[in-house]
Structure formats: C-alpha cells, structure tokens
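>>> Provided below are the primary sequence and the corresponding predicted coordinates.
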Amino acid sequence: QQKKQQNSEYKQLQEKLKTDTFSFGLLIQGLADIQPERSAGHNGFKASKGRFKISGIFDGRFGYNLQATMLKTPSVLDANVYYKPTANLSIKGGVFKSPFTHEYNTGAGSILFVNRSAVVNQLGTKRQVGVQIDGFTPNGLLRYTAGVFNGSNYGNNKNDDDYLQYMGRLEGYLNNNGKNRAKVGVSVAVEQKDVPSAYGNIPSTFEGDQKLMTSYFSITQGKILLDGEFIYSWLESPAAQNYNPYGYYATVGYYVAPKGRLLLRWDSFTGDNLTGDSESLIAGFNYYPSSFAKVKLNYILPTDQSVEYSTFLVAMQISF
Amino acid sequence: QQKKQQNSEYKQLQEKLKTDTFSFGLLIQGLADIQPERSAGHNGFKASKGRFKISGIFDGRFGYNLQATMLKTPSVLDANVYYKPTANLSIKGGVFKSPFTHEYNTGAGSILFVNRSAVVNQLGTKRQVGVQIDGFTPNGLLRYTAGVFNGSNYGNNKNDDDYLQYMGRLEGYLNNNGKNRAKVGVSVAVEQKDVPSAYGNIPSTFEGDQKLMTSYFSITQGKILLDGEFIYSWLESPAAQNYNPYGYYATVGYYVAPKGRLLLRWDSFTGDNLTGDSESLIAGFNYYPSSFAKVKLNYILPTDQSVEYSTFLVAMQISF
Amino acid sequence: QQKKQQNSEYKQLQEKLKTDTFSFGLLIQGLADIQPERSAGHNGFKASKGRFKISGIFDGRFGYNLQATMLKTPSVLDANVYYKPTANLSIKGGVFKSPFTHEYNTGAGSILFVNRSAVVNQLGTKRQVGVQIDGFTPNGLLRYTAGVFNGSNYGNNKNDDDYLQYMGRLEGYLNNNGKNRAKVGVSVAVEQKDVPSAYGNIPSTFEGDQKLMTSYFSITQGKILLDGEFIYSWLESPAAQNYNPYGYYATVGYYVAPKGRLLLRWDSFTGDNLTGDSESLIAGFNYYPSSFAKVKLNYILPTDQSVEYSTFLVAMQISF
C-alpha cells in the first residue's frame, strides 16, 4: 500500500518536474559534526547542502545546465550550454566540473561518504570555466573527454594569468549489464601556474609548471562495491624545485540490508612539503529509507593522530 | 465575474505550483521609507523582500524546505530536512527559524507591520543551524518544541565557540473554531556566549551566560485581533556583571472593511546599558486587494523623540 | 519532422512554464574572449550569463517580477511588484531597469552584440530601486514613463545621499505591422549627486548636479535593421566645473540567411576628462540554430588603438 503511494508520488514528481526540455531538482542536507578533541573549528551543526539544479535539452541537440547553491556566494555551481551534433558527442561551454577526478565528478548527492577524499580535495581539479568535447564510441564502451579551462576553478570567473589548463580523460565501461557495473579511467591535466591561487588544486603559494594524473576504477557486483583512485602530481617551480604530492583512496562497500550499506575507506595523502600529510580510516553506514532520502553516518579515525581526534558525522539528505 | 476569474487563477496556480511533494512560492515587496528628520540613512526606496520558497514531503514522512532571498548573501534563509515518524511529531535538521519568539516565527509575508518589533529584533533568536523536535498532543491543543542550535544564527554556518544554545517552547491553542483563534506560548533559550557575535540576539560585545524568556499570546475574535509578546533576558558576564535587557509589544487590530485592517501597536525596548532604549507607537493600515497582494501603510511615532523623527512606510507586496 | 518535434517541444514548455500567473525563464551564456594584445585581463573563458526569471500577473492587475543571476552577489536583478489599474497603465515599485537608455532596456538575451555599447555602459542609468508610472495612449502609438529612483543603481539597496533621481521617457511607435517595426524615443534623467558612487553611471569621483539625455531609434524593415542612440550629459560640480561626457552608437543589421544576421556597429564615447575616450568598429554575426539557442561572433576593432588590441568574442546562449 505504502509502496504504491511512493510509486505514485515518484511518478507525479517525474511528470511535473522532469521533462526533456526542463528538469528541476533539489539537494538539501543537514549535518552534525562531533570531534571529542577538535583539530579545527567547534562541534556543532551545519547546513551542508542547499542547492537547486535546472537542466534540459531542446531538439535533442541544444542543452543547458544551471545549478546554484544557496549557501555560498556567488551561488553558481554549474552554468553551461552544450551542443550535441550527434547522440554520442557533445561540446560544452561555461562553468562545470572539469573532467579529471572520479570522485569529484560523482554528484554531491551520490558520493559515498559525507566528505570527499583528502587527495581529491587537495589535488583534484574542480569546477572551472572552459570548453570541452565529450564523446562515446558507437558501442558505448569507451568515453573520451578533452577540455581547455581557465585553470583557477570558477573563482573570479575569468582567467587570472596568461595560461590555460588542458585536460584529457579516457573512461572504459567493462560491464554494464543491470546491477553489475565496472568502470576504469585515467585523466591528465597540465597547466602553467603564473599566479598562486586561493582556489583550485593545491591551494598554496606554488607557482610553476603543474602536471596531474589520476587513475581510478569503480566496480559494483551484486551487493559489493569496490572503488578507488590514485592521483599523482609533478610540480616544478621556476627555480627548478620539484614537488610530487600524491594520494589515494580505496573503498569497500556492502549492502548489509536492502536499504543499508556499510562502507570502509582507506584515505591517504602525502603533501611532499607543499602541504600537510594525512592518513585516515573511514567507516560509513548509508541508510536509504526512501528513494528521496538518505542518512549517512561516518566515523573518521585519523591513523596518524590519537583517537581523540576521531570525527563523527551524521548527515540527513533529501534530493530529487 | 471577476471573482470567478480570481478563483480559477487561484486553482490553476495551486495545481501547478502547490503539491505535497513539491510546492513553490514567492514573496516580493517594494518599500518607500520617509522620515522628515532622519535618525539614520536617507529617504528613499528599498526592495525589501525578494525570495522564493520550495518545500515538500515524501511518503508523508520525509520533508524538506529551501528558502532563499535574492537580496542578501549568502542567499539561504531555510535549508532543512525533517522526518515525521508520526503525524504529530517531526525531527528537523539544517538551518531554520529557532523556536523562540512568536513574531519572528510569523512569516515575513504575514507579519502585521512592515518591520518586526524592537524587542524581537534585539533579543529574539533568529534563524540558526541546529536540530529540533516538534510535536503536538493528540488533541492538537498543545504544541511542544525543543532544539539545540549553534547559537550564532546562520552567520558563518558553523558553531563559533564551544557552546550550543538550548531552546524550548510550549504553545497552547485555546480556541480554533474557524475564524476565532487563540494561542498562548512561552519559550526559553539558554546559552554560554564565548565569542561576541555580530549576528544573533543583542549583537554586541557581550560575552557570558545568557538566558532568554518570552511569553506571548495572539487572539483573533471576529474582526478583532489582540497580539502581544514580552521578552526578558538575564545576561551575566564572566566579571559577574548583570544585565537585563527586556521589551514588549502589544497590538490591537480591527477589520474596518472586508479588505482593510487598522492596527495599533505599542513597542517598547529597554537596553539596560548594553544597547539603547526605544519606545514608539505604530499605526498601520493593511489593505488586501487580492489574495496575492497586500499594501501596508505604517506611521511610526517615536514617543521618546520629537515628532520630526516619525517614519512613514509604504510597502506593496505580492506573495503566493 | 524535426520542425514538428521542435514545435511540440515549444508548446510543451509554454504550457508547463509560461502561464499568466506564473512564468519561468532562463538565460545561460558561455563566452570565449580572445585579444592578441590584452588591454586588460587575460584570454580565456567566462560564464557570462546564468540567471532565472519568474514573473506573473494576478487578476490582470497585480503583477510581479523576480530575476536573479547566479554569477553575482547579491543575486537580485529584478524584484518588483506592479499594479495595473487599466490595461494601458502600470505603477511599479522595487528594483528594476530605470527607463532611460534604449539598449540597456533591451533584455540581456536580446541585445545585438555580446556587450552593450560604451556610452550605455558609461552614462546609462542602470537597474535602480524606485517607483515608476508607465502608460500607453489608447491607440498604442505613444508610451510615456516617469519614475523616481534612489540614484545609485541597486547597489546597497538604499539611497546613499539625500537626493533622488528623476527620470522621464517618451517612446513613439511609428510602424508596428508584423515584421516591420519602427520606434523612436527620448529620455531625461536629473539628479544631484552628493556621494561619489562606485555604482551607477560615470562610476567616478564626480559629485554635483547631473543631467542626462538620450535619444534613440530602432527600425526593422524586412531583413534590415537600423538602430542607434545618442546620450549627452551635463555635469556641474559644486566648484562650478562643467563636464559633458557623451557618446553614441549606430548599428546596421541584415539577415544574410533565415537563421543568420550580420551586424555592424560604430561605437563612440567621449569622456571629457572625467574618464577615457573610446572608439571602435564592431562586426557581429548572430546565428539562431533554434528558437532557444543563439551563437554570437563579435570582432571589435578599436579605431583609436593598433589592430593587435582587437577583441574576438564567441558566445553561446540558451534561453527560454
């Protein structure tokens, strides 16, 4: 009975808010953050997500995305238009997630833990202003993406030095039959940084030549999930000093109940003197009481610090 | 004929924008502000409200609210999710109006005068990040609410000291048959303030222990409205200095015509050396030409200053 | 076949998002900006538009507009309400485009080139907070508009000196039969500036008496477009120093194909020692692949500088 009502609500919402030319969605999340011995900040609450997303495509060829958060300024997350000359190819311009890391390109409502991994936060390229070409091979097994970006995230919405960031990604889909899926990928990003940027990856005073590479995989097999990513960097300052910050995460997940999944992650980042190192073990439990709601419990144990610095996070999320 | 058209427009809007799972609303208000002898600012115009609100509930159990103003940054007003285990009980987390004052918890489109009372602006707790439990007794006559908050309004969206603010409210509904309604309530809020906050109540340099209490009533009987609130505070600094700012307002309203209501308010606030005192008499006339439009005329006579400091406000509002 | 699908998509979107009481629209634009020898900034990309617009009218009498951009803070563009006592007359209050220049009052999605002309950017009054009365003669041939504004654009959403800006506009429609249209207009704006404003026209340190006048025309005849505007100013400082910045633009357009229009503009501005002069020739090509999409190519040749300072702009826009 209740199942029927849920289905009818789902259908009603779909018909009202999700059409080809106009689709509206929301993501709202409240968070409680408790750390017995704080390394930074204070215990308390956060409104951690509050955003809407509008997207659509006309004639199957001219598409758009506008996503904004009510919690930051300016509120823009995505503002881009794209053109699909064929079903397998799109050319996109505006501000959007640059095609580099696996975890950053996973939507904020779909990431496995409350926060993304240290290495993705530190080294991953984020949302930027630029253009990209994105395509699939006819059999749908290989995806290739290449883009040119301003290289300083959305930030001030313009290039702040005379260099652009170039990026390329290859993704392969090894298995796609129903519930069993497997994906592997590799991306590179190269840039000359003339201006130290408060935004973007390695938010530091580093200037110079910067090369980034990531490789990742994600496998879902029945109730099991395996997911990991390794990012390495080559940073060379004009004084020929070299730094190689790098890091990785590896995640195991298992559905212990139809609506509940246990997760375990090893999260490691090495700053190579440019920024601090970090190592932690993260246990998570995600509960999906409805197709619109999600509860996430995270316990973060920093293996390089004493246990009092453990963090407990409780997030409650609604999205559609 | 016109009545019929209004009804059909109203129904059309309801069907399009107001459903259980997704409801969209707006509030826009333009304001003219004239004071012959200015105590602050300059005579002129203001866009005083410009906001949208999205809300809904899935399966009757998982609800959400997202409200944002286009006039401030960050734009968030409300961003919260809630869970209703039963029809009479909800648990809410995120940013929302803390359950303290009567007038602040009255929606911006529904408050009686253009501005809220001095005591509510000075002592009332505002929107905060936190969690609350909110319930009704089975007969619907008593509402009880309790919450824990960061204690610094939305502000920087995190706790800025090591203390939380605890709040409790009891509301009784003495009469609820159709047009005659009566409500009384009492709330308390306690907090240790370690950091003087530019946000929140008594935006001053005060630090220390803070207890707040409010009691209020609101009675609608036919064409008559009676409405009042009294807020008292106990503030104790670490040097054991005590302050007791307090204040109150009392309002009388009368529908002089089906679409026009006269209002009179006595508004008093005593800052007890922490901030200035104020006393004023406010006359208002609210005109409701349509169920979507409202015009408010306010004349504010400061009884502790000369008559040249009177303020005239004209507000024109559309909301749905 | 494709034509039919486009029409059905157009109708579907109309029914869903465009009704009398509630109409929702979007404008998104990505931009590439290349200048071989930069006079300012760096070559790169921009998300140049990312906004939504909500508007409607109840009972044919009470209307509202709310437009916000996700790219600036605060996000408000328009937040106003209006009252139409008769079909030919409206009284509006809030923040909206002040009724002065022709080009600024042309919507961001409909302007001919990527950027507006120098003189409109420098001397034109922009969005402001205020009230206006706007009417048509019964035959619809003459439009008259008069308003009072705070005089500092939206800016801080309040008057920043003790003076208001008064504005009047007359517009005549000489021809309105189908595709052939002709419009002429003249506007004046007078203000005492007591506070030098970073916002508004002539964003400079100028203080004193300011009079502005513009006259303009716009003619569409078959495939041809002629469009021009001339703005002159009388600025007098308290020390009786006089400045007369002025400028103009003249545009010719021609549909070289059903979906493609060539444009040529002469753009001139004289700062009269208050700000710099500029002169440029702008060639544009607008391509309309769909009723929702637009591509704009602009080549800007500054005739007072060497050719290396030419700018190339490519904009891709989606709007509905």
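Thanks, I have the structure now.
>>> and the gap between the residue nearest to A:G60 when sequence neighbours are not counted and chain C?
Leaving aside its sequence neighbours, A:G60 sits nearest to A:K84 (CB to CB, 6 or more residues apart in numbering or on different chains; 6.7 Å). Any C-beta I mention is one placed from the backbone N, CA and C, and that applies to glycine too. Computed with CB to the nearest CB, to the nearest Å, the distance linking A:K84 and chain C is 12 Å.
>>> next SSE downstream of whatever helix or strand A:K84 lives in?
If you go by DSSP states H and E, A:K84 is part of strand A:76-86. Downstream of strand A:76-86, the next assigned helix or strand under DSSP H and E is strand A:89-97.
>>> give me the contact list for the following helix or strand past that next one.
Using DSSP H and E, the helix or strand that follows strand A:89-97 in sequence is helix A:118-123. Around helix A:118-123, the neighbours that count as contacts under CB atoms under 8 Å, 6 or more residues apart in numbering or on different chains are A:101, A:103-104, A:115, A:201-202, A:212, A:229-231, A:233, A:245-249, A:267-269, A:271, A:275, A:278, A:280.
>>> equivalent analysis for stretch A:7-18, please.
Against stretch A:7-18 from outside (CB under 8 Å, 6+ apart): A:23-25, A:291, A:320, B:19-22, B:58-59.
>>> how about A:N180: what's its closest non-neighbour residue?
That would be A:Q221: by CB to CB, 6+ apart, it lies 5.3 Å from A:N180.
>>> actually A:V295, not the one I wrote
Distances taken as CB to CB, 6+ apart put A:Y287 closest to A:V295, at 4.4 Å, once the chain neighbours are dropped.
>>> and the one you found, what does it touch?
Applying CB under 8 Å, 6+ apart, the residues contacting A:Y287 are A:259-260, A:294-297.
>>> which one of those residues is nearest chain C?
Checking these against chain C with CB to the nearest CB, the nearest one is A:K294 at 25.4 Å.
>>> what residues are bridge-paired with the closest residue in space to A:N80 that isn't next to it in sequence?
Computed as CB to CB, 6+ apart, the closest residue to A:N80 that is not its neighbour in sequence is A:G94, at 3.0 Å. Counting by DSSP bridges, A:G94 is bridged to A:N80, A:G130.
>>> now A:G94: how far from A:N157?
10 Å (CB to CB, to the nearest Å).
>>> okay, and the common contacts of those two?
Counting by CB under 8 Å, 6+ apart, the residues touching both A:G94 and A:N157 are A:129, C:47.
>>> which one's more surrounded, the two?
Higher neighbour count among A:G94 and A:N157: A:G94, with 28 against 22, using other CB atoms under 10 Å in any protein chain shown.
>>> per-residue confidence for the more buried one?
A:G94 is assigned a predicted lDDT (pLDDT) of 97.
>>> name the SS class of A:S290, please.
coil (DSSP: H, G, I helix; E, B strand; the rest coil).
>>> could I get the phi/psi values of it?
phi -150, psi 170 (degrees, to the nearest 10).
>>> show me the contacts for it.
Residues in contact with A:S290 (CB under 8 Å, 6+ apart) are A:6, B:58-59, B:61-62.
>>> just those: which are in helices?
When DSSP state H is applied, the contacts of A:S290 are split such that A:Q6 fall in helices.
>>> could the contacts of A:S290 be laid out in TSV, adding distance to chain C?
Below are those laid out as TSV (distance: CB to the nearest CB, whole Å):
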residue	distance to chain C
A:Q6	24
B:F58	22
B:D59	25
B:R61	28
B:F62	26
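>>> can you redo the contacts of A:S290 as CSV with pLDDT and neighbour count?
Compiled in CSV, these are given as follows (pLDDT from 0 to 100; neighbours: other CB atoms under 10 Å in any protein chain shown):
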residue, pLDDT, neighbour count
A:Q6, 71, 15
B:F58, 94, 23
B:D59, 92, 20
B:R61, 95, 18
B:F62, 96, 22
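>>> so A:S233 is in which element?
strand A:224-236.
>>> what's that strand in contact with?
A:101-103, A:112, A:117, A:119-120, A:123-124, A:202, A:206, A:208-219, A:242-254, A:261, A:263, A:274.
>>> and it, how far out from the chain's middle?
13 Å (CA atoms, centre = their mean, to the nearest Å).
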